[in-house]
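> Provided below for reference: sequence and predicted model.
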Amino acid sequence: VNEAKSPVLCIGEEQPKNWFTELQVLKGHFDIVRFLVQIDDFSISERCDAADDTVQLIAFSPGARQTGERLQELRGHSQQITAMTTFTCDDGLTSHTSLITASSDRSLSLWDPDTGNRVQTISDLQSSVKCLLVLERLCVWISGGEELCVWNKDFQLQCHKQNHSDTGITALIELPKNCLAAAMDKEIAIYRLTVSTDSSLSVAEIRCLSDHQDQIRSLINVNDGLFASGSHAGELILWDAIDWNILAYEHILWEESQACAQAEIRLAAPKPSEMSIQHLTTNGKLILAAVGSGLYVYSVLSKMVVAYRKVAHDSNVLHTMLLSDSELMSCSEDGSVRMWEIQDLPLPAEPASAGFFGMWTFSRSNKQTGAPIKKVTDVPNIRMLELTGDLIGHSGAVQMFVNFGENGLVTCSADHLLILWKNGERQSHLRSLALFEKLEESGGL
Amino acid sequence: MIGSPDLLAFTGTEGFGGGEEDQDAIPEELSVPLLPPSNPWTSSAQFHRDFILVAEFSEQVGPKPVLTIPDDPRVIGSFDLNHFSVRIMSVDYQASGPGPVPPPSPGPRLNFSEDSRVILGDSAEDAFAYVHHMTLYDLEARGMVRPFCVAYVCSDQAKLMENFCELSTCFSQAADSLKTGNRQAFSMELQRKLQELEYTRVTLQQETEPQTANGLTESGEKAGELDAVERSISNHRDLLRQVTSYPNRKLKQPDFLPYDPADSLTDPIALLPPPEPCPSISTSTRRSEHRLKPLEELCNAYFLSLMKEQLADTERRLRGDRSMLRTARVTNLLSKRLTPINFLFELWSPEDGDEEEGGDAAEVELPRTTGTKSSVEAFQSEPMSLESFFSCVEEIPIKLEADEARTVTPDDSVATEMTGSVSSGDSIEVLGTEKSYRSQHVDTGSDSRAADDSLSSTEALVGMTDTSYKRGAVDVGARRVRAYAKRANSEDSIEVLSTTESIIPDDLTAIEEEETEYQSLSNGFGNKEEALTDYKCDDVLKEEKTLDTTTSNERPVQEDDSVVDRYETLKQITVSSEITIKVEQVSEGLSSNQVHEDEPEKSTRLLQAEEAVDSTPQWPEVHQTVPDLHVNFAPSVTLAEVEQWSPPCAPLRLLSIDEASDCNSFTGSSDPPTPNRNIHSNTRSDRKRRRRAGLRALRFLKQNSFSQHAVFCLLSGRPLVVVGGDEGLVRKLVDALSLFLPAPGPERSAVMMYLTTPLQLTDLLTWRLMGIHRSPSGSSATILQSLTRYSRYLSLLDLDQRTLHCPSYSGSLISRLADPNTGISRGLTYLLHLESCLTALANQALLYTFHPALQRPTTAGGTDGSEKEDFLFKRGICSSESDLRVMHFLSDLIKQRHAGRGPPVLRFSYSPIHLHRNTHAA
């Protein structure tokens, strides 16, 4: 019975597909690091939620010369940071990226990451801001909390809209036609921004979608015509971005628990926390949902789960990423980062027979623990989510990661650390080049 | 004396090269070196370790030991210090002593003697010593001087010779400290005395004045008394002036410690505190029993402690046998030049390098024939007239022309003098004496003359010497004057075999300059040839006239033809000297002293009667005293030296011309003081630790079947954790394994002896070798648990279960340096072996790092590794993937060190971990 939960996931030490063979530890934070924001190709900044008042914001540079040097430390907020985003304002000649942060101290700040200066700040908001959205097209940005506020690039409030929800806005996405979707508890509110002739902005709620049965945990844009939302109860809903109709409804673990109940003697249905969709990510064709400690890959095209791993981590998955159509990555509260590959199952006959004989021979069934075989008969198209590598280093929950491509990967964690994972061979080569470069410059060591 | 068992022992030891000198008749190639009774390493010395002895010639009880460093009976053993003090102090008395200088002004004169340095030995007891004699001043002592000496006592004579320069430097420093402190104490004493005298005078004057009316006789007595007191005052003032003005002459020397000379110069009395009512009578009565002041009263406390520190430091530096010291020196020297990689294995500590600078040039020249060899040989073969006692000083004053002074290294303006003495048959041989004096002689006139208490017993000679030392305007920095002299002393138990006068080079030329200097020198010599010839002729005459004992000028010299052609004249000179040398005669007295003052810039020879003295200007290339003419004038000295790198067991003689037939010729070189004063200091304790670690590492290799895997982990950068219930064992093993740890960092910061907190990721970036004590109380459980999280990056060596968790190693690289089946059984030997292997490895890593294939940028993530790896495989450096890992890691360390920025990185690999059990019997 427990086989499904048994550690299928111990990949061992041989990981030929894992090219992260070098790590650097970036220290500087003194509390849980919850967010990472990529500022440009070479630097990121991340937020640290500090228990005390020393909130800091540190910009690291993992890219330039691959050093992971600490560039700036942005101090100013007195309480934990709740949201942050980059804000690039293109005035035609230059585009300069700045950083907007929101904090529990009910203030908003604009930072210049090059100098570390706090350029703008707004304090004494009615409530703390929980999410931020930049509409670069309109050169405005929106803060969401108990109220929805629209700001221009000079930090001037353009308009705002009070909410009736208790929880306030937890997520904001941009929709076509100057519309916004805001997740508030179980509902998704659609707002429209109107630019009047005197170039003043107004915002109006035009629709409220209340199809979720539980709190909405995740809200993402899938592509130009679709957005998706995931709830605490494991509901994944695909919405039309234009007319806001439901295109698909997937109750991820419902089907699973049904299948379980049919196939075997299941003692209990999965607990809600095990079904909660913690995080959604997409590449336009696939949606990757972090459900409890499992991973589900949902195909937008076929509107069905194409691959899944019910127990991908030892505890809740906090962040995921689709690296390509077949590769993905996830991090979890268990402190690990795992890399997966969507693989075709072996010939359908083989697992079936193995499953069949598995009932008779324990040894065989033990060997077959790797694949969720029972689903094969139910869903013929399903594929396998194979663990190809894991990154071990953090001693606390890995909150988030940012991928810098071949420059590496940055993970942040509750253990106050950031780890920069790199391709050791490439780094070694880069160091060679740097060494030769230095030799040429200085004519010697 | 010749052929006495004492001396035979010398001939057999490695340092002496040719023992054949005794058998005059036997051709060199047929002679068999006589071996010591058992082997060269046995010693009959009664002390257990080298130590430093400070002794004094007390005018009351004669020579007596004052203190030893270290003051530990375990070191001294049953060695008779009293007896030895007698020996070493006696030498001084016979070998040196300030000659009378006609006082320019009436009154007592202080002789500011330069110290003499002697190497002497008692082969019967295997006690050899480098002795530094000096005199301290004591107003109440006879002649106001208290002879002292500092001796480095050692059972290996060659060690003394090899470390002559260091000894000389260190002892000079210590002696300077002591003398400075003494001068201060002496001037204080003088001032006190003056106060007393002034007080007496005042009292007398007061008494005299009223009494003039009373009686003439009485007043006459008083007046006489007053006169005497006044004379005494003026005498003491004069003394005070002398002693306080002394520092002025020394101030130019960088290491001189002035003690504030200016104050008392003008009028010492004026500066004194108002005369205390300290009755002179009481003082005099107190002194009446004539208790000799102890050293503590003779010397200012600060300087005394400074001296003791310096001596203790010297003793520390020179611990260990010759090969140790030599290896350390060579290693240090060579590794210092490999700045790109010398951080990899802590074969030397970088802090040494800073101080060293100039010293290294000389260090290269370590292995060479020792001066003892020649002197002993000379001594042995010398036909002796027992009654004769000679002393001889030969000086070669050299004045360098300014340009020469530039091109020629400091060493070059060195006159070498060798004095030796032969005595009938006692157990102490003075093997070498070094006397140094500074170049201020001329300027300082009479003082410096008086100052010389060299072996030369004639003051006049010394004076001449001084005057002949006209230094060029350009001070060449360091001049070394070396003299070898032979003395024969029939009745004494002391034979002074050689005396060297030298000035310690203040800075030595870097070896790199050799080439150019050599060039310029050889060019310069053309001009000098004539002059030299003249001198030589003079010498020859002199020598013949003065019945020389043998000096053998033989030196491993390779003269190639061109050189021979070019220096034909020189050769002739050589020949003539040899002829001279063959004349074996002993003459008495100082028949002639020749000082070529007219041409001071050329090397002049001043031959003293008795001895075959060979002296030469030191050539810069040689960086050592090459007191031998042939060598000096044959420009291929360097070649010869190179040759000497090979173990000098075979006689390294390349006889020039007709010298081959001359059995009486010897190398007159004394070993060249390599002033490598720093190399040992910092690494000394470290050395000791490493030596112990070497033994443990060797044991680890032999006792554990998985040892190579563990070494592989260390060398490939995979952190290794040693866990064990026995804390001591863990520590020891960690210490042993740290030898294999690349880039241990300053203070071995990459080693964590004793991990007490749960392991964190950042620890892995800091420490690559850790020890964990598995405590029975279970407090280590959390630490051990923390290891499991990072097991991917770690290797775990469990001492209790005798297991090792780590990736397996296969390849050839590790087995070279960590071969469990090695025949090496001594820790020290293994350490040396390991160090050489690691050095080779580091050099290979350097080559690999700078291989041009690595220079090309690659677009992909460095997948073109095949070419550079081919390079490693083809050269046989690597034979497996594991070997490559080691090279990659070392290479990465080099890159990071020189081009790296940012936080440290941990490079790892996803390789299967195996459990290795120790299959060897416990």
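Everything's here; your move. Numbers count the residues shown, from 1 in each chain, chains lettered A, B, ... in the order given.
> what parts of the stretch 201-350 of chain B come near chain A?
Contact residues, the stretch 201-350 of chain B versus chain A (C-beta under 8 Å from any C-beta of the partner chain): B:Thr339, B:Pro340. Every C-beta, even on glycine, is put in place using the N, C-alpha and C of the backbone.
> which phi and psi does the residue in the stretch 201-350 of chain B positioned nearest to chain A have?
For the stretch 201-350 of chain B, the residue closest to chain A is B:Pro340, as judged by C-beta to the nearest C-beta, at 5.1 Å. In terms of degrees, to the nearest 10, the main-chain angles of B:Pro340 are phi -60, psi -30.
> quick one, what contacts it?
Residues near B:Pro340 by C-beta atoms under 8 Å, 6 or more residues apart in numbering or on different chains: A:Leu445, B:Leu846, B:Ile894, B:Arg897, B:His898.
> which residues touch the third one?
Translated: B:Ile894. Counting by C-beta under 8 Å, 6+ apart, B:Ile894 has contacts A:Leu435, B:Pro340, B:Ile341, B:Leu344, B:Ala845, B:Leu846, B:Thr849.
> where's the residue nearest to B:Asn918 when sequence neighbours are not counted relative to chain A, distance?
Nearest non-adjacent residue to B:Asn918, counting by C-beta to C-beta, 6 or more residues apart in numbering or on different chains: B:Arg802, 4.0 Å away. For B:Arg802, the distance to chain A (C-beta to the nearest C-beta, to the nearest Å) stands at 22 Å.
> quick one, phi psi at B:Arg802?
phi 50, psi 50.
> what's the answer for B:Gln801, then?
According to degrees, to the nearest 10, B:Gln801 has phi -90, psi 0.
> hey, what's B:Phe57 bridged with?
B:Pro63 (DSSP bridges).
> so it sits against B:Ile88, correct?
No. Between B:Phe57 and B:Ile88 there is no contact under C-beta atoms under 8 Å: 9.6 Å.
> okay, and the common contacts of the two?
By C-beta under 8 Å, 6+ apart, the residues touching both B:Phe57 and B:Ile88 are B:Pro63, B:Cys149.
> more crowded one of those two?
Neighbour count, other C-beta atoms under 10 Å in any protein chain shown: between B:Phe57 and B:Ile88, B:Ile88 has more, with 29 against 22.
> identify the bridge partners of the closest residue to the more buried one other than its chain neighbours.
Excluding its sequence neighbours, the residue lying closest to B:Ile88 (C-beta to C-beta, 6+ apart) is B:Val131, at 4.8 Å. Here B:Val131 sits in beta bridges with B:Val118, B:Ala151, as judged by DSSP bridges.
> burial count for B:Val131?
Neighbour number of B:Val131 under other C-beta under 10 Å is 30.
> mind giving me the packing neighbours of the helix or strand encompassing B:Ala328?
B:Ala328 belongs to helix B:322-337 when assigned by DSSP states H and E. Where contact means 3 or more C-beta pairs under 8 Å, 6 or more residues apart in numbering or on different chains; DSSP states H and E, helix B:322-337 is packed against helix B:157-162, helix B:350-356, helix B:359-364, helix B:679-703, helix B:827-849.
> now the third one: mean pLDDT?
Taken as a whole, helix B:359-364 has an average pLDDT of 35.
> please apply the same query to stretch A:314-324.
Stretch A:314-324 comes out with an average pLDDT of 90.
> show residues contacting it.
With C-beta under 8 Å, 6+ apart as the test, stretch A:314-324 has contacts from A:7, A:273, A:276, A:278-283, A:286, A:288-295, A:328-334, A:336, A:339, A:397-401, A:403.
> which parts of it are buried?
By neighbour count with 16 or more other C-beta atoms under 10 Å in any protein chain shown, stretch A:314-324 contains the buried residues A:Asn316, A:Val317, A:Leu318, A:His319, A:Thr320, A:Met321, A:Leu322.
> name the element B:Ala223 belongs to?
Using DSSP H and E, B:Ala223 sits in helix B:216-250.
> identify each buried residue in the helix holding B:Ala328, please.
Residues of helix B:322-337 classed as buried: B:322, B:324-336 (neighbour count, 16+ other C-beta under 10 Å).
> stretch A:13-21 too?
Residues of stretch A:13-21 classed as buried: A:Gln15, A:Asn18, A:Trp19, A:Phe20, A:Thr21 (neighbour count, 16+ other C-beta under 10 Å).
> and what of stretch A:89-100?
A:Cys89, A:Thr97, A:Ser98, A:Leu99, A:Ile100.
> tell me which two in those residues are the farthest apart.
A:Cys89 and A:Leu99 (12.1 Å; C-beta to C-beta).
> so the residue of the stretch 51-200 of chain B found nearest chain A, which of the three states?
At 30.8 Å from chain A, B:Glu166 is the closest residue in the stretch 51-200 of chain B, using C-beta to the nearest C-beta. Here B:Glu166 is recorded as helix under DSSP: H, G, I helix; E, B strand; the rest coil.
> that one reaches B:Arg316, doesn't it?
No. Using C-beta under 8 Å, B:Glu166 is not in contact with B:Arg316, being 11.9 Å away.
> who has more neighbours out of these two?
B:Glu166 (25 against 15).
> low-confidence ranges in the chain?
Let's take chain A. A:1-9, A:40-68, A:91-93, A:164-165, A:253-273, A:346-381, A:444-445 (pLDDT under 70).
> the intended chain is chain B.
B:1-44, B:91-113, B:209-219, B:246-290, B:335, B:346-685, B:854-868, B:900-902, B:921-922.
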